[in-house]
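>>> Here's my sequence, what's the structure:
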Amino acid sequence: MHTERLAYIETFGCQMNERDSEIMAQLLAQESYVRTTEISLADVVVVNTCSIRDKAEQKVYSLLGRVRMLKEDKPGLVVAVTGCVAQQEGRKIIDRMPFVDLVVGPQHIYELPDLVIQATHGHRVAVEQSKAFVIPPFLPAMESGSPYKRFVTIMQGCNNFCTYCVVPFTRGREISRSFGDIIAEVNHLAANGIKEVTLIGQNVNSYGLDQDPATRKTFPELLRAVAEIDGITRLRFTTSNPKDLSQALMDCFADLPKLCGHFHLPVQSGSNDVLKRMNRKYTIETYLEKVAGLRRARPDIALTTDIIVGFPGESEADFEATMQLVETVRYHAAFSFKYSDRPHAKSTEFPDKVDEEVKIDRLARLQKRLQEIVEERNREYEGRNLEIMVESSGPNRDGQWAGRAGSNHVVNFTGAGTFVPGQLVTVHIEHACSHSLRGHLVG
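Below you'll find the model as predicted:
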């Protein structure tokens, strides 16, 4: 009979990391570790890290400073650093921070319970990538997590080697999960009341390309198979590289009503010269052709993107090309960042680094214009009826319920009756706010 022990997990970064943290929590629960929100009570602290930008990494090190003090008071505490910084830094973390017991790259999270047992016996371990990694079959526990929507990992790693990016070094090469395992997981979720699934990977468009050509399924084939599963009413996915966006995937937006009309298509820059130095393998011309193709397939599709300003060598003309692209595409939302050097990424060695003041100025100009376009885009929804998935379990203090449109907009609405998270309702949009929409229930 195990006694109950407590595990604290702090997650930084993307949806892949959120899903990895859920998997680690479930694995630890099988060894009688209960997840706690109080770090000071924990017997195990897992810091699941992100290294995509310098800021995320700094947050990790500041949290680890607090954990060091906890360990001084509680020597039996097991401290694990997992995720991308763990992969990037490896054993150096243990050398630099003697209070850390385990350093576990993303491919080895399934071994966490065994590693924790080793750590309780005084063994300090760093495990990084393995050559022959296969994503193991895994069915999520249903006791914790959202009762109506879930992330499903379909692949991990990346083969693209964009020059600014650390992901191929931290998550390894592209490895697709078995088609059967993905379908089994979605069936399991649907049987337990989940209504919406988001298929996630670093580059979902290239799902299956690493598998046997005779038997492999493509990403569009996977989407169509998931859309067939009874009980699932909404389907989303992220992230995509524009160079891999196929006509077959665009056709899914025309053919599959369950596939939400939202596509996150990271452009990074509006300048072909910058895109070439970034090793993005597409031009602005081909990118805009794909935007047009998506809009033909689903005229009301909401497009969102990522943009980096101040990449090494970015001239004022290059930046203006990005501003022009934003005017042309008119995104529904965008995540924009200043370039920062990342360990292992090729661009750290590039000359012509852009001054910090210039980066700050360009980012401010870009974000101001993006915000104006987003607000203009939001106003286009006024007067329309949208299908909304209810997300709140009750009305807020203004008597409004919260939900989300297929376009990924947050929608607050009023309406008599009781709604449950995951329920689909129709809402008439009356008013656009800067980051959300407001309306009332129809019928």
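>>> Provide a list of residues in contact with Ala80.
44-47, 100-104, 112, 115-116, 119 (CB atoms under 8 Å, 6 or more residues apart in numbering). Any C-beta I mention is one placed from the backbone N, CA and C, and that applies to glycine too.
>>> what do you get if the cut-off is 7 Å, keeping everything else the same?
Contact analysis of Ala80 by CB atoms under 7 Å, 6 or more residues apart in numbering lists Val44, Val46, Asp101, Leu102, Val104, Leu112.
>>> got it, and Ile200?
Counted by CB under 7 Å, 6+ apart, Ile200 has contacts Gln15, Met16, Arg19, Phe151, Val152, Thr153, Ile154, Thr238.
>>> Turn those residues into a markdown table, including distance to Gly65.
Output for the contacts of Ile200, formatted as a markdown table (distance: CB to CB, whole Å):
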| residue | distance to Gly65 |
| --- | --- |
| Gln15 | 27 |
| Met16 | 25 |
| Arg19 | 27 |
| Phe151 | 30 |
| Val152 | 35 |
| Thr153 | 31 |
| Ile154 | 36 |
| Thr238 | 32 |
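>>> Show me which of those are buried.
Met16, Arg19, Phe151, Val152, Thr153, Ile154, Thr238 (16 or more other CB atoms under 10 Å).
>>> Provide a list of residue ranges in the stretch 51-200 of the chain with pLDDT below threshold.
52-53, 56, 129-132 (pLDDT under 70).
>>> one more time with 90, if that's ok
51-63, 65-66, 83-98, 105-111, 113, 117-146, 156-161, 165-175 (pLDDT under 90).
>>> quick one, strands of the stretch 251-400 of the chain?
262-264, 302-309, 333-338, 385-390 (DSSP state E, counting those that start in this stretch).
>>> any idea which of the ones you listed is most buried?
Of those, the one with the most neighbours on average (mean count of other CB atoms under 10 Å) is strand 262-264, at a mean of 23.
>>> and that strand, average pLDDT?
Summarised as a single mean, pLDDT over strand 262-264 is 96.
>>> Adjacent strands (with direction) for it?
strand 302-309 (parallel) (DSSP bridges).
>>> who touches the strand it pairs with?
With CB under 7 Å, 6+ apart, strand 302-309 has contacts from 164, 261-269, 291, 294, 319, 322, 329, 331-339, 359, 362-363, 366, 407-408.
>>> of those, buried ones?
Of the contacts of strand 302-309, these count as buried by 16+ other CB under 10 Å: 164, 261-269, 291, 294, 319, 322, 329, 331-334, 336-339, 359, 362-363, 366, 407-408.
>>> Would you mind putting the strands of the stretch 251-400 of the chain into a markdown table with distance to Val85 alongside?
Output for the strands of the stretch 251-400 of the chain, formatted as a markdown table (distance: least, CB to CB, whole Å):
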| stretch | distance to Val85 |
| --- | --- |
| strand 262-264 | 24 |
| strand 302-309 | 20 |
| strand 333-338 | 18 |
| strand 385-390 | 34 |
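>>> Around Ser240, count how many other residues there are.
Other residues within reach of Ser240 by the criterion other CB atoms under 10 Å amount to 21.
>>> Just to check, it is in contact with Gln202?
No - with contacts counted by CB atoms under 7 Å, Ser240 stays clear of Gln202, the gap being 9.9 Å.
>>> Could you measure from Ala141 over to Glu196?
Ala141 sits 18 Å away from Glu196, going by CB to CB, to the nearest Å.
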